[in-house]
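J.: Structure, please.
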Amino acid sequence: MKPLNNAEALSVVKESIAQIIPDADFTLVEPDDKFRDVLELDSLDFLSLVELLSERTGVRIDEEDYPELTTLSDASRFLVERSKEGTGSAT
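T.: This is a model prediction of the structure:
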């Protein structure tokens, strides 16, 4: 997959959250808010989110990466950086 820019990454994060929580109100979530708290994602919801993000972006997300996915800004930044890393190598 091609590298993501910030807008694309943020869109993927929001669309993926909306798939798990269809009534998620993103007007309540500032870019640096912990979206799990604001949107009340439990741990199973979060794992579903991680799986969806990985499927949709082709980015491998390991358990040690979870702290990088606490805010919309952090999650977007993580996906942008990881999508760039994955383009230069054939694994």
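
J.: low pLDDT regions in this protein?
T.: Applying pLDDT under 70 to the chain picks out residues 1, 86-91.

J.: do that again at 90, thanks
T.: The model of the chain has pLDDT under 90 over residues 1-2, 85-91.

J.: Quick check: V12 touching L79?
T.: Yes: between V12 and L79 there is a contact at 6.7 Å, judged by CB atoms under 8 Å. Every C-beta, even on glycine, is put in place using the N, C-alpha and C of the backbone.

J.: Name the residues contacting each of the two.
T.: 4, 53, 57 (CB atoms under 8 Å, 6 or more residues apart in numbering).

J.: which of the residues you listed count as buried?
T.: Neighbour counting by 16 or more other CB atoms under 10 Å classes 4, 53, 57 among the shared contacts of V12 and L79 as buried.

J.: Can you verify the first one is assigned to a strand?
T.: No: the assignment for L4 by DSSP: H, G, I helix; E, B strand; the rest coil gives coil, which leaves it out of any strand.

J.: got the phi/psi numbers for it?
T.: Main-chain dihedrals, L4, degrees, to the nearest 10: phi -90, psi 150.

J.: Report the spatially closest residue to it, excluding sequence-adjacent ones.
T.: Nearest residue to L4 in three dimensions, chain neighbours excluded: S83, at 4.4 Å (CB to CB, 6 or more residues apart in numbering).
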